[in-house]
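Asks: Sequence below, structure please.
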Amino acid sequence: MDEIDRDAPETAIREAHEEIGLLPDSLKVASIHEPGVSLHRLLVAPVSAFIDLSLLEFAVVNPSVSIAANLVRHLPVNPDEVESVFAIPLQEFLKRENHEELHFDADDGSGGVWKAHKFDVVDEWGREYKVWGLTAHILVEFARIALGRDPEFPLISNAQRPKILNRADRSTRRG
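Replies: As a prediction, the model looks like this:
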């Protein structure tokens, strides 16, 4: 969160505009989810929002794919911030056949192992993506809530994921 932002939703709306060109007025915050920590130790507070499509200018290029798939083809992606933007149905993040569980040696001095979800998915345009780590964790949690069902594979708890290091942990880790 930047100093100019009041809260997580304001950060999310600003970032959505800076990174993929969504107009702030086109977004209505739906929910704020439990924060997670990336493997790079970034704390992320996931925010979901509805997009008012009437406020966006985009054309339906292909009527045989979803509105979301058409929309993402028109977003002005900032390549310095975002590798790619794609639309994948949420239920794909609950299916066993798309899922793999990754294991990483914890670098916090605990000698433990961190776990992460990884999905190999294909969008409606036929492009393949690997979605993993915190992004995958957030999408699994969001799909569980939105669709009201558990995934076909074991969940990974926050206790099995990276944590923010406090100052004492950081100095021990360096030494």
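
Asks: Can you classify the residue nearest the centre of the chain by secondary structure?
Replies: A centroid search over the chain (C-alpha atoms, centre = their mean) returns Thr135, at 3.4 Å, as the residue closest to the centre. Of the three states, Thr135 takes helix under DSSP: H, G, I helix; E, B strand; the rest coil.

Asks: Give me the pLDDT for it.
Replies: pLDDT recorded at Thr135 is 94.

Asks: can you check Val65 too?
Replies: With respect to pLDDT, Val65 scores 87.

Asks: Tell me the spacing between it and Ser84.
Replies: 16 Å (C-beta to C-beta, to the nearest Å). (Glycine included, C-beta is placed from N, CA and C.)

Asks: Look at the nearest residue to Ile4 once chain neighbours are set aside and give its secondary structure.
Replies: Leaving aside its chain neighbours, Ile4 sits nearest to Arg14 (7.8 Å; criterion: C-beta to C-beta, 6 or more residues apart in numbering). What three-state DSSP gives for Arg14 is helix.

Asks: what ranges do the strands span in this structure?
Replies: With DSSP state E, the ranges of strands along the chain come out as 27-32, 36-37, 43-44, 47-51, 99-105, 113-122, 128-132.

Asks: What segments of the chain are helices?
Replies: For the chain, applying DSSP state H gives helices covering 8-20, 67-72, 133-147, 167-174.

Asks: Save the ones you listed as a markdown table, and put in distance to Leu90 too.
Replies: Below are the helices of the chain laid out as a markdown table (distance: least, C-beta to C-beta, whole Å):
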| stretch | distance to Leu90 |
| --- | --- |
| helix 8-20 | 18 |
| helix 67-72 | 11 |
| helix 133-147 | 4 |
| helix 167-174 | 35 |
